[in-house]
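In: Predicted structure and sequence below. I'll ask about it afterward.
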Amino acid sequence: MRVIIIGGGWAGTAAAIAARKAGAEVCLIEKTDMLLGCGNAGGIMRNNGRFTAAEEMIALGGGELFQLIDRIALHRNVEFPGHHHATLYPVNTIEAHVRRLVLEMGIDVHCSTHICDVVCDNNQLKGVYADSGDLFEGDVFIETTGSAGPMGNCLKYGNGCCMCVLRCPAFGPRISITERCGGQDYQGERQPDMFGVFSGSCKVSKESLSAALQEELNSKGVALIPLPKEEINYDKLKIKACKQYAIKDFSENMILLDTGDAKLMTSYYPVEKLRRLPGMENARYVDPCAGSKGNSIRYLSVAYRSNAMTVDGISNLLCAGEKSGLFIGHTEAITTGTLAGHNAARLAAAKPLLTLPQTLAVGDLIAAANSAIKERHDTMERFTFSGGNYFNRMKEKQLYTTDIEAIRLRVEQAGLLGVYNEHV
């Protein structure tokens, strides 16, 4: 069984691990020189309902990435406005740890490999071509290319190329595998008929901050700086992908989290104004480089799929991460990626596919996001375990808990304890 994964972010990496554990030969293709994509600029795990989801994944047998992050975390149980028990991981070293993990598992990794075209016949994907002319053939394919880029989309729907961690100018544009196969993607909206949303945060060099602010971040993992009244802009919350941060605290304060760099919880902020804030007189953006002007635009290429993560209309293609729905966050990417990878191996082996039950948060999120598109045609609702409408749904359905034993029992009652450890 040969599984080809296009896109090496959190979703693609999780898919590769799951498919390999299920018995497949796995090839993971990433257009840039680093795995994890936006995971190299994010850094937040286990906040709010993501704790529940992470523990469900561990009980399901898909916990490798969560356990790795727990081992190298900079801070645990961090509290910041609207969020509890967050884990913050080091964004500057996480990729090296993850790359070693996947290589040790025998996964064939191809970085700096830009996929530009496909070979598709009778609604079946045969292979994908790289710019080099190399053809990667497989039995089953998984698209985890995300939903941001290329540069033209950031110009059309945002404030131009922000020179972000995706580095489209250097490594090439994202292409849609589903559309190259003859399918049709949909786009998320921030307001009716306004497509795409801004990524929700920036990175500032921590050493460019004052000694006092660095010490606060190092000791607590979080710092809040009240903004001057004239700089408070509640309307800016509407443009962000991350609806879990669309609360007034994130307009009234500059909130920083320690992820090795200082994670600035705003889509962009003029550097001359940033440097007027106490402790930030020498602040310098690390990602995106144009953090004064804008951020990357997301949700511009999302596939229609089943709750088993198979792409509609293409018999041997699955999807995960933002390619599979209007999802927000690393945990959500790992959750969807793991299911896609496991099911890719099942599909290649002609075995029944796994659909996670809605008695589990990880199954309910996948189903709820799919229902919003296919039943309500809602392209504005975003889905994350950590906030917004979906976290409220988790609480209403009594899915949210930090009781690890209760979570394990829930998975056991579903008959799925260790399912992702099974060789298909």
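Out: Nice, I can see it. Residues are numbered from 1 along each chain as shown.

In: from here on, contacts and neighbour counts on C-alpha atoms
Out: Noted.

In: shaky segments in the stretch 151-300 of the chain?
Out: The stretch 151-300 of the chain contains residues with pLDDT under 70 at 234, 236-246.

In: for it, what spans make up the helices?
Out: 151-157, 168-171, 177-180, 211-220, 249-252, 271-274 (DSSP state H, counting those that start in this stretch).

In: Are there helices or strands packed against the longest one, and which ones?
Out: In other words, helix 211-220. strand 222-226, strand 253-258 (3 or more Cα pairs under 8 Å, 6 or more residues apart in numbering; DSSP states H and E).

In: Off-centre distance for the shortest one?
Out: Between the mean C-alpha location of strand 222-226 and the chain-wide mean there is a distance of 25 Å, by Cα atoms, centre = their mean, to the nearest Å.

In: The last one too?
Out: Using Cα atoms, centre = their mean, we find the averaged C-alpha position of strand 253-258 to lie 20 Å away from the chain's own average C-alpha position.

In: for stretch 375-385, same thing?
Out: Distance, centroid of stretch 375-385 to centroid of chain: 16 Å (Cα atoms, centre = their mean).

In: same check, this time on stretch 268-277
Out: Per Cα atoms, centre = their mean, the centroid offset for stretch 268-277 relative to its chain is 27 Å.

In: the domain parsing of this structure - what is it?
Out: With domains defined by automatic domain parsing, the chain comprises 2-196+297-421, 199-287.

In: Quick check: which of the ones you listed has the most neighbours on average?
Out: domain 2-196+297-421 (a mean of 21; mean count of other Cα atoms under 10 Å).

In: List the contacts of stretch 267-282.
Out: By Cα atoms under 8 Å, 6 or more residues apart in numbering, the residues outside stretch 267-282 that reach it are 198-202, 208-213, 225, 227, 240, 283-284, 291-295.

In: One more pass at 7 Å, please.
Out: 198-202, 208-210, 213, 240, 283, 291-295 (Cα atoms under 7 Å, 6 or more residues apart in numbering).

In: how long is that stretch from one end to the other?
Out: From its first residue to its last, stretch 267-282 covers 19 Å (Cα to Cα, to the nearest Å).

In: ok so, going back, so which of the helices and strands packed on helix 211-220 comes closest to residue 187?
Out: Residue 187 sits nearest to strand 253-258 of all the helices and strands packed on helix 211-220, at 29.4 Å, using Cα to Cα.

In: Taking their axis directions, that closest one and helix 211-220 sit at what angle?
Out: Calculated by axes from the mean of the first three to the mean of the last three Cα atoms, to 10 degrees, strand 253-258 forms an angle of 60 degrees with helix 211-220.

In: Which neighbours in the sheet does strand 253-258 have, and how are they oriented?
Out: strand 222-226 (antiparallel), strand 262-264 (antiparallel) (DSSP bridges).

In: In JSON lines, list those along with distance to residue 17.
Out: Output for those, formatted as JSON lines (distance: least, Cα to Cα, whole Å):
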{"stretch": "strand 222-226", "distance to residue 17": "32"}
{"stretch": "strand 262-264", "distance to residue 17": "28"}
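
In: returning to that earlier point: could the helices of the stretch 151-300 of the chain be laid out in a markdown table, adding distance to residue 383?
Out: Output for the helices of the stretch 151-300 of the chain, formatted as a markdown table (distance: least, Cα to Cα, whole Å):
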| stretch | distance to residue 383 |
| --- | --- |
| helix 151-157 | 21 |
| helix 168-171 | 26 |
| helix 177-180 | 22 |
| helix 211-220 | 28 |
| helix 249-252 | 19 |
| helix 271-274 | 30 |
